[in-house]
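1. I'll drop the sequence and a predicted model, then ask my questions.
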Amino acid sequence: MKNDFSKHLQEQVRTAFDDRTPLRITAGGSKSFYGNQVDAQDISTAEHKGILEYHPSELVITVRSGTLLSELDAELAANNQMLAFEPPQHNAKTTIGGVIACGLSGPRRITCGAARDFVLGTTIINGKAEKLHFGGQVMKNVAGYDASRLMVGAQGTLGILLDISLKVLPVSKAEVSLKLQITLKDAISHIQQWINQGLPISASCYYINTLHLRLSSTQSAVTQSINTINNFYNSQEISNDFWLQIKNQTHDFFTLQTPASSTKLWRCSHQSTTKFYAETESQLIEWHGALRWIQSHNELHTTAAQHYGHATRYPLHGNSENLFQPLTPGLFKLHKRLKQAFDPENILNPTRLYSGL
């Protein structure tokens with residue numbers, strides 16, 4: 001598939017580098033809320049789209065960054081395959097480039113791995129307008145870093161994503177979702193017990209005294225697992241569409257937030273056994289206890305650090321500043337060095353993640 005749009009992007013970056021003009025990288029715009037606002041000239045990858053290579057038998061797909069996530073999902077589904085990290089689709093314009101740049105993963109992450117675990121290689125344009133290839137195909141990784149995976153979550157601050165090679169996985173032969181009434185303490189305890197027993201729990205969500213589970217495997221394994229759970233609780237089967245609401249953050253927990261209160265929503269990540277925060281107004285818990293969505297008037301960066309985790313302010317209805325967990329001096333220095341190596345003039349999404357980067 002021929003496409004010269006990458007050359008157009010490269011020329012834009014070269015001009016910006018020569019003129020020291022900062023650039024704000026855009027595509028579908030579905031995650032514009034997720035980061036500090038960048039006052040810069042727009043550069044869009046939305047026209048750099050299409051699947052470059054797909055070998056279902058090898059479980060690998062290479063796709064241009066501007067490709068819609070919905071189109072990629074449809075192509076994989078036609079071959080009974082999926083993006084196993086279940087990235088959120090915030091609206092119809094969500095692109096795979098934005099997914100990888102933000103590094104967000106959905107309900108299946110706790111079982112299959114995060115977005116960065118599925119990135120095999122990338123092609124980028126760095127801040128010097130150089131087109132670079134990473135991932136074992138063309139160019140050796142820089143300074144010992146796995147450079148392709150460095151792009152996951154960097155939000156374009158290290159380079160503009162052009163092409164991404166991803167590992168994909170087969171869709172399970174059987175998948176059933178359940179809900180049951182249970183206390184939070186018992187829910188976390190039983191989830192771990194059932195996993196140790198080999199139950200194929202591919203997702204969990206706890207909200208308002210109700211535990212939701214998804215079982216993904218062969219039909220016989222799923223049936224046996226349901227019987228095991230029902231030895232403890234009277235579970236009720238629900239639609240698997242429930243997980244789309246959680247993945248895409250369209251569940252009432254997220255959508256009932258009003259613009260005025262949206263800055264109260266926090267995304268907190270910890271070890272699954274970490275003690276839960278006190279005095280939280282409301283919370284929805286995923287990843288067997290490791291991911292806690294919390295509505296709170298309090299600033300939770302400090303609380304998260306005290307619990308050896310991190311918190312992100314999650315303003316779904318608008319924009320905010322200082323969203324991310326503050327870096328320690330050592331980590332900030334490392335980030336600074338990486339930024340300098342990839343973008344010496346600081347023209348790519350400056351301050352998107354942190355002030356000074």
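-> Sure thing, it's come through.

2. Quick check: which ranges of the protein have low pLDDT?
-> 1-3, 136-145, 257-263, 279-281, 316-320 (pLDDT under 70).

3. How is it partitioned into domains?
-> 5-170+332-342, 174-247, 252-313 (automatic domain parsing).

4. Is it possible to get a markdown table of these that adds distance to Ser355 and mean neighbour count?
-> Where C-beta positions appear, they are placed from N, C-alpha and C, glycine not excepted. Shown next, in a markdown table, are the domains of the chain (distance: least, Cβ to Cβ, whole Å; neighbours: other Cβ atoms under 10 Å):
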| stretch | distance to Ser355 | mean neighbour count |
| --- | --- | --- |
| domain 5-170+332-342 | 7 | 19 |
| domain 174-247 | 31 | 16 |
| domain 252-313 | 14 | 17 |
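
5. mind giving me a markdown table with these and columns for distance to Pro350?
-> Formatted as a markdown table, the domains of the chain follow (distance: least, Cβ to Cβ, whole Å):
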| stretch | distance to Pro350 |
| --- | --- |
| domain 5-170+332-342 | 5 |
| domain 174-247 | 31 |
| domain 252-313 | 20 |
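
6. right, and these - which one's nearest Tyr354?
-> Among the domains of the chain, the nearest to Tyr354 by Cβ to Cβ is domain 5-170+332-342 (7.2 Å).

7. before we move on, back to that, nearest to Thr351, out of the domains of the chain?
-> Short answer: domain 5-170+332-342, nearest of those by Cβ to Cβ, at 5.3 Å.

8. so how far is the closest one off the chain centroid?
-> 11 Å (Cα atoms, centre = their mean, to the nearest Å).

9. Could you do stretch 160-177 as well?
-> Distance, centroid of stretch 160-177 to centroid of chain: 13 Å (Cα atoms, centre = their mean).

10. Now do that stretch: distance from first to last residue.
-> Counting by Cα to Cα, to the nearest Å, you get 38 Å between the two ends of stretch 160-177.

11. Would you agree Ala40 is in contact with Leu23?
-> Yes - between Ala40 and Leu23 there is a contact at 5.4 Å, judged by Cβ atoms under 8 Å.

12. From Gln306, how far out is the residue nearest to Glu47 when sequence neighbours are not counted?
-> Once flanking residues are discounted, Glu47 sits nearest to Phe5: 5.1 Å by Cβ to Cβ, 6 or more residues apart in numbering. Between Phe5 and Gln306 the computed distance is 47 Å (Cβ to Cβ, to the nearest Å).

13. quick one, what contacts the residue nearest the centre of the chain?
-> When Cα atoms, centre = their mean is applied to the chain, the residue found nearest the centroid is Leu104 (0.8 Å). Applying Cβ atoms under 8 Å, 6 or more residues apart in numbering, we find Leu104 in contact with Lys31, Tyr34, Pro87, Pro88, Ala115.

14. 7 Å - rerun?
-> Residues near Leu104 by Cβ atoms under 7 Å, 6 or more residues apart in numbering: Pro87, Pro88, Ala115.

15. That'll do, ta.
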